[in-house]
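Participant: Test case, fold it:
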Amino acid sequence: MSSEVTVDAPTEERHPGTTSIDTHTSLDILRTLNAEDATVAAAVSEVLPELARLVDRAVDSLRSGGTVHYFGAGTSGRLAVLDAAELLPTFNVPAGLFVAHHAGGPQALLRAIENVEDDADLGRSEADPLRPGDIAIGLTASGRTPFVAGALERARERGAVTGLVTANPNAEIAEHADHLLAARTGPEALTGSTRLKAGTAQKLVLNSFSTAVMIRLGHTWSNLMVDVVATNAKLRGRVLRILQEATGADAAQARAALDDADGELKPALLSMLAGVDASTARRAMAEHEGSVARALLALGGPPRGTTRTTPEN
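Facilitator: Numbering: from 1, shown residues only. Okay, here's the model as predicted:
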């Protein structure tokens with residue numbers, strides 16, 4: 001008499017091509033893992049049209065005073081925390097604009113806390129502060145984590161736009177999501193180890209989502225990060241290089257412009273591109289929601305691809 005194991009999440013299925021991985025050499029193990037990793041980008045590419053729709057809704061929400069919230073447990077929650085945390089130094093976004101809710105709180109980042117991911121009521125309580133028009137994104141490789149289900153259910157009740165990032169196209173909790181982002185990464189090289197392909201897919205989705213939102217909101221000029229916060233010597237050097245790259249100025253001119261703008265990159269950049277003083281540049285930035293491109297157009301600056309490195313008197 002045979003028994004049958006029923007598995008309803010692709011991430012929990014046994015990979016037929018890695019059953020002998022424990023007998024491989026170190027190099028062969030790494031090659032196997034790398035070959036599996038190579039499939040992730042293609043899986044993520046399939047969800048890009050839906051992700052673009054979510055980006056558009058997030059941009060509209062943030063421009064209207066909304067916030068973005070991530071909800072996840074385990075690896076998914078840790079990836080969410082990482083993405084939200086990196087936006088402050090990279091794009092100088094205000095605290096609270098992107099909020100990561102990790103089941104179990106900060107202590108669960110370093111040590112697994114049992115049962116919190118199974119607590120739907122905890123997820124609901126985490127989503128209580130959301131307001132109509134906010135963005136709530138749940139992350140769960142299996143597509144069935146109760147903490148995430150509770151959070152998305154409550155977020156929708158609160159009038160938020162909901163999205164689900166998962167590796168399961170038949171996710172149980174997809175009913176709570178306005179936008180389903182299911183990257184078909186399939187079985188893991190190690191059965192059920194979703195910190196591998198599924199985790200990589202979630203990282204790619206989050207990277208793409210938040211970066212696209214930041215670009216749409218004017219936190220870049222061309223492909224340069226003009227809102228980067230210079231909190232250390234490396235970043236101060238990067239700010240100077242960005243200003244030189246964008247304007248064609250030499251180091252002395254760039255430093256002078258930064259000094260005139262009290263060390264702020266965007267007004268320094270706009271003053272050099274438009275040929276105005278830092279105060280005028282700062283006012284123009286405020287009038288155009290921090291967008292260098294829009295402020296430059298309003299000030300009649302040179303088209304992109306040309307440079308002007310000294311302010312007009």
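Participant: quick one, what contacts Asp227?
Facilitator: 90-93, 214, 219-220, 265-266, 290 (CB atoms under 8 Å, 6 or more residues apart in numbering). C-beta coordinates here come from the backbone N, C-alpha and C atoms, glycine included.
Participant: element containing Phe71?
Facilitator: strand 68-72 (DSSP states H and E).
Participant: Tell me what angle the helix or strand following that strand forms with strand 68-72.
Facilitator: Sequence order places helix 74-91 as the next helix or strand after strand 68-72, per DSSP H and E. Orientation of helix 74-91 against strand 68-72 (axes from the mean of the first three to the mean of the last three CA atoms, to 10 degrees) gives an angle of 150 degrees.
Participant: In terms of secondary structure, what does helix 74-91 contact?
Facilitator: strand 68-72, strand 98-102, strand 135-139, helix 197-216 (3 or more CB pairs under 8 Å, 6 or more residues apart in numbering; DSSP states H and E).
Participant: Please compute how far the third one lies from its chain's middle.
Facilitator: What that stands for is strand 135-139. Mean-position distance between strand 135-139 and its chain equals 11 Å (CA atoms, centre = their mean, to the nearest Å).
Participant: Output the contacting helices and strands for it.
Facilitator: By 3+ CB pairs under 8 Å, 6+ apart, strand 135-139 packs against helix 48-63, strand 68-72, helix 74-91, helix 146-157, strand 161-166, helix 197-216.
Participant: that older thread, so the strand holding Phe71 versus strand 135-139, what angle?
Facilitator: Using the same axes, to 10 degrees: strand 68-72 against strand 135-139 is 20 degrees.
Participant: which one of the helices and strands packed on helix 74-91 is the most hemmed in?
Facilitator: strand 135-139 (a mean of 31; mean count of other CB atoms under 10 Å).
Participant: in this protein, which helix or strand is least confident?
Facilitator: helix 233-247 (a mean of 89; mean pLDDT, DSSP states H and E).
Participant: Other residues contacting it?
Facilitator: Against helix 233-247 from outside (CB under 8 Å, 6+ apart): 89, 221-222, 224-226, 228-230, 249-251, 253-255, 257-258, 265, 268-269, 272-273, 307-309.
Participant: Next secondary structure after that helix?
Facilitator: Defined by DSSP H and E, the subsequent element after helix 233-247 is helix 251-260.
Participant: same for the helix or strand following that next one, what does it pack against?
Facilitator: Downstream of helix 251-260, the next assigned helix or strand under DSSP H and E is helix 265-274. Applying 3+ CB pairs under 8 Å, 6+ apart, we find helix 265-274 packed against helix 233-247, helix 251-260, helix 278-287, helix 292-299.
Participant: which residues does Val165 form a beta bridge with?
Facilitator: Leu139, Leu181 (DSSP bridges).
Participant: That one contacts Ser142, correct?
Facilitator: No: with contact defined as CB atoms under 8 Å, Val165 and Ser142 do not form a contacting pair (11.8 Å).
Participant: Which of the two has more residues huddled nearby?
Facilitator: Between Val165 and Ser142, counted using other CB atoms under 10 Å, the more crowded position is Val165 (33 against 21).
Participant: can you pull the pLDDT of that one?
Facilitator: For Val165, the pLDDT comes out at 98.
Participant: what's the answer for Gly301, then?
Facilitator: 72.
Participant: Then Gly96?
Facilitator: 94.
Participant: contacting residues for Ala80?
Facilitator: 70-72, 100-102, 137, 139, 206.
Participant: Reformat these as a markdown table; add pLDDT.
Facilitator: Shown next, in a markdown table, are those (pLDDT from 0 to 100):
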| residue | pLDDT |
| --- | --- |
| Tyr70 | 98 |
| Phe71 | 98 |
| Gly72 | 97 |
| Ala100 | 98 |
| His101 | 98 |
| His102 | 97 |
| Ile137 | 98 |
| Leu139 | 98 |
| Leu206 | 98 |
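Participant: Redo the residues you listed as CSV? Include distance to Gln244.
Facilitator: Listed next are those as CSV, based on distance: CB to CB, whole Å:
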residue, distance to Gln244
Tyr70, 35
Phe71, 41
Gly72, 40
Ala100, 35
His101, 40
His102, 39
Ile137, 37
Leu139, 39
Leu206, 31
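Participant: Sweet, I'm off.
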